[in-house]
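Participant: Generate coordinates for the sequence data below:
(chains A and B)
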Amino acid sequence: MSGHVDPPPLDLRALVVDPTTRVVVTCGSGGVGKTTTAAAMALAAADAGRKVAVLTIDPAKRLAQSLGLTELDNVPRQVDIGDRPGQLWAMMLDTSRTFDEMVQTHSTPDRAEKILANPFYRTISTSFSGTQEYMAMEKLGGLSASGEFDVVIVDTPPSRSALDFLDAPQRLSSFLDGRMIRLLVSPGRGVMKIVGAGLTLFTKAVRAVIGGQMLTDAAQFVQLFEDLFGGFRERAEATHRLLRRQGTAFVVVATCESDAIREASYFADRLREESMPLAGIVLNRMHPPLVTMPGISMAALESAAESIRGTDAVTAGLLDVHTRRMATHEGEKRAASRVARTHPGVPVLQVRALATDVHDLDGLRALDL
Amino acid sequence: MTQTSMVRPSGWSTASGRARLHVVTGKGGTGKTTVAAALALSLAAEGRRVLLIEVEERQGLAQLFDLPPLPYEETRIAVTSGGGEVRALAVDVEAALLEYFQLFYNLGMAGRALRKLGAVEFATTLAPGLRDVLLTGKAKETVTRSRSDGSRIYDAVVMDAPPTGRVVSFLGVTVAMADLAQRGPIRNQAESVAALLHSPDTVVHLVTLLEEMPVTETVEAIADLRAAGLPVGSVIINSVTDPLLPDTVVDDAAADRLDPGRIRESLAAAGITVDEAVATGLADEGGQHARRLITEYDLEAELAATGAPMMNLPRLVDGIDLGGLYELSSMLTGQGVRRQDRDPASGSGT
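Facilitator: Down below sits the predicted model:
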């Protein structure tokens, strides 16, 4: 068969154990196993003697429990990994608390208190789409700058699009620079004349829908936030630089389903455009057969299954399991090959599917890295 | 070749058959868009006309039906038996917002300028619920749109809705909005949307996989939907593993207690000679399959405990292409999915 491409192998264990690797970001669409991959990498690094922080966003309950995480928390807690040389610290991101802390860091106590009490602030800190992505990056920046950890591994939020976290800081800061808020609060000045009466109507419509009080709160927020804004933007830029730095590695996670592959491809392309270091692509939940029977065709196995079904339904069933698995794996191999062809030279790791969800450290250790 | 080993109660209720608005939700990655499309195809059988609405601005329907990006207008994307059809509408939130304001205020040419300024994104960000008001409002408009003789344009509207974690606030938004705008046209509009969503004309279907997180979210969402007075339709379980081993050996296989000697003998009888290692490997594959089945049975039992009707869709070996989509649709039809006419005397309920 022509057209089959073997990409270079991706060795995640070597990546996280490498002393020059300081930040690892896992990304991909929802439900592909990002969090599990991040946790497994973190544990591998800790087992090898490094001091690791892993920042998770929305872990499955049992995985969270296995890391000793019971609630949203903003400080990494040490996980008991037994008799191993390194240390594993884990935390589950609390988005609004991270935002609050950022405000407190960049403001006087008096002003911070006013901002935190502002209803408009509460709305953006909890529901602005992208706040979670932004705060994950903010926390990553903080943990990395603290110098307390050899490596920080961060999972990205289960966004609509894996690209959201790259765009979120920009969107949030243009939102917060207050220009639009000023327009809505006091129309009729400056740029406003361009749209004139239409804007007045628009403002009226917005007021009717969201309530005049919200706009008043927004105006107060803009005033309070004005001084803070510079520091805020600087911080976002610093994090962006951190993501491009040597020692940072992005790991794109996907399954062989078309949506996940498409997202992974967009993401890999985008990282290249932004000159961000892509370590490779993980293809999760593959089903390679555990045995091969050279010289025996799929059709022969199928007819053998039929011939013994009456006498030994169990063995016939095992043959069905095997042929089904071969067919599934053929599809997976085609998908993997497409990834390799569209991203030549990008390392790929194929990870076997597990029969059950991972819910303890041994399960994480058993994953292919 | 799907084997169904037990008889189960119908996964499609009469109430679902009679509903006009089918809201399809599910955690990201569960195949929500695919299932919504398959459902629309099934409802469009026997000459019905169905509208499929996409609200997340990701052009998932275009990709699924192998079409160029869909415009913000109702476009025919599939024809079904008996002259039925499915049309699709990918809602453009900005355009919908301007359309919405146009209902109440004459913005004239200012609309485009506002869009350029980013005012629309700003307003939807400032009031996240505004987006949801627009989308549910659009659904209501299409559900109730009628010909001059009073008959509805669409027999059913299927909405590929926001994910499970957000669906209750999404559908509840018009109630909140009606509280916020104390009078006037916006309040009236919000109230009529809320009335539709809480009426027998609406059902919410939940798509899940038999995996821990999606199942937990589905169970929570069902409780939340019920608490909010929103009608739960079916739980549609996607990518279910076909049971390939006899029920009686699943536990033994899962515990790696199958006898490789017996496997070798039976294979030899079928003319296939294998060594011990291959027999053990086959038993191991059986073990993984059996452990997966047990995990799925347990999770299915958690879903069943909610009392919601359930339907299953298998994992398609070849992935989801257009052919696979029609296959899924025929499986839904096989499990009872169809549009049923309401007793003409009972009216629309809104």
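Participant: In chain A, spot the helix with the most residues.
Facilitator: Among all segments of chain A classified by DSSP state H, the helix with the greatest residue count is helix A:212-244.
Participant: Return the distance of it from the chain's centre.
Facilitator: 23 Å (Cα atoms, centre = their mean, to the nearest Å).
Participant: tell me what the next helix or strand after it is packed against?
Facilitator: Sequence order places strand A:248-255 as the next helix or strand after helix A:212-244, per DSSP states H and E. Applying 3 or more Cβ pairs under 8 Å, 6 or more residues apart in numbering or on different chains; DSSP states H and E, we find strand A:248-255 packed against helix A:12-17, strand A:23-27, helix A:34-47, helix A:258-273, strand A:278-286. C-beta: built from backbone N, CA, C; applies to glycine.
Participant: Reformat those as TSV; add distance to B:V193, mean pLDDT and mean neighbour count.
Facilitator: Formatted as TSV, the helices and strands packed on strand A:248-255 follow (distance: least, Cβ to Cβ, whole Å; pLDDT from 0 to 100; neighbours: other Cβ atoms under 10 Å in any protein chain shown):
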stretch	distance to B:V193	mean pLDDT	mean neighbour count
helix A:12-17	49	96	20
strand A:23-27	36	92	26
helix A:34-47	36	92	26
helix A:258-273	30	84	19
strand A:278-286	40	93	22
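Participant: looking at the ones you listed, which is closest to A:D320?
Facilitator: strand A:278-286 (19.7 Å; Cβ to Cβ).
Participant: Report the contact partners of B:Y326.
Facilitator: Going by Cβ atoms under 8 Å, 6 or more residues apart in numbering or on different chains, B:Y326 touches B:L41.
Participant: Now do the same for it: its pLDDT.
Facilitator: Looking at B:Y326, its pLDDT reads 93.
Participant: Kindly tell me how buried B:A195 is, as a neighbour count.
Facilitator: Look at B:A195: counted by other Cβ atoms under 10 Å in any protein chain shown, it has 17 neighbours.
Participant: How about the closest residue to chain A within the stretch 201-350 of chain B: what's its closest non-neighbour residue?
Facilitator: For the stretch 201-350 of chain B, the residue closest to chain A is B:G281, as judged by Cβ to the nearest Cβ, at 3.1 Å. Nearest non-adjacent residue to B:G281, counting by Cβ to Cβ, 6 or more residues apart in numbering or on different chains: A:V291, 3.1 Å away.
Participant: my guess is that neighbour meets B:V278, correct?
Facilitator: Yes. Using Cβ atoms under 8 Å, A:V291 makes contact with B:V278 at a distance of 5.0 Å.
Participant: And the two? Which one has more around it.
Facilitator: Taking neighbours as other Cβ under 10 Å, A:V291 and B:V278 compare with B:V278 leading, 20 against 16.
Participant: all strands for the stretch 251-369 of chain A, in order.
Facilitator: In the stretch 251-369 of chain A, the strands defined using DSSP state E, counting those that start in this stretch lie at A:278-286, A:348-352.
Participant: what's the answer for the stretch 151-300 of chain B, then?
Facilitator: Going by DSSP E, counting those that start in this stretch, the stretch 151-300 of chain B shows strands at B:156-160, B:202-209, B:232-240.
Participant: Tell me who's in contact with B:S16.
Facilitator: B:S16 makes contacts with B:22, B:203, B:205, B:233-234, B:309, B:337, as judged by Cβ under 8 Å, 6+ apart.
Participant: Which positions in the helix or strand hosting it come out as buried?
Facilitator: Here B:S16 sits within helix B:14-18, counting by DSSP H and E. Within helix B:14-18, the residues that count as buried by 16 or more other Cβ atoms under 10 Å in any protein chain shown are B:16-18.
Participant: Could you pull up phi and psi at the closest residue to B:T216 other than its chain neighbours?
Facilitator: Spatial nearest neighbour of B:T216, chain neighbours left out: A:K61 (6.7 Å); criterion: Cβ to Cβ, 6+ apart. The phi/psi pair for A:K61 (degrees, to the nearest 10) reads phi -60, psi -50.
Participant: Then A:V52?
Facilitator: phi -120, psi 140.
Participant: hey, what's it bridged with?
Facilitator: Legend: beta-bridge partners of A:V52 under DSSP bridges are A:L88, A:V151.
Participant: That one: neighbour count?
Facilitator: 28.
Participant: Can you give me the distance of it to A:T21?
Facilitator: Note on A:V52: its distance to A:T21, by Cβ to Cβ, to the nearest Å, is 11 Å.
Participant: Between those two, which contacts overlap?
Facilitator: Contacts common to A:V52 and A:T21, judged by Cβ under 8 Å, 6+ apart, are A:V151.
Participant: quick one on the thing from earlier: okay, angle between the longest helix of chain A and strand A:23-27 too, please.
Facilitator: Helix A:212-244 runs at 120 degrees relative to strand A:23-27, counting by axes from the mean of the first three to the mean of the last three Cα atoms, to 10 degrees.
Participant: if we can go back for a sec, going by distance to chain A, which of the buried residues of helix B:14-18 wins?
Facilitator: Checking the buried residues of helix B:14-18 one by one against chain A (Cβ to the nearest Cβ), the nearest turns out to be B:S16, at 25.8 Å.
Participant: can you list the weak-confidence ranges in chain B?
Facilitator: B:1-9, B:101-129, B:174-186, B:317-319, B:342-350 (pLDDT under 70).
Participant: Then the stretch 201-350 of chain A?
Facilitator: A:201-215.
Participant: One more pass at 90, please.
Facilitator: A:201-245, A:255-276, A:285, A:294-295, A:331, A:334-335, A:337-345 (pLDDT under 90).
Participant: Residue of it nearest chain B, please.
Facilitator: A:V291 (3.1 Å).
Participant: What distance do you get for that residue to B:R264?
Facilitator: Distance from A:V291 to B:R264, by Cβ to Cβ: 13 Å.
Participant: cool, and B:P200?
Facilitator: Separation of B:P200 from B:R264 (Cβ to Cβ) stands at 60 Å.
Participant: More neighbours: which of these two?
Facilitator: A side-by-side neighbour count of B:P200 and B:R264, using other Cβ under 10 Å, places B:R264 first with 20 against 15.
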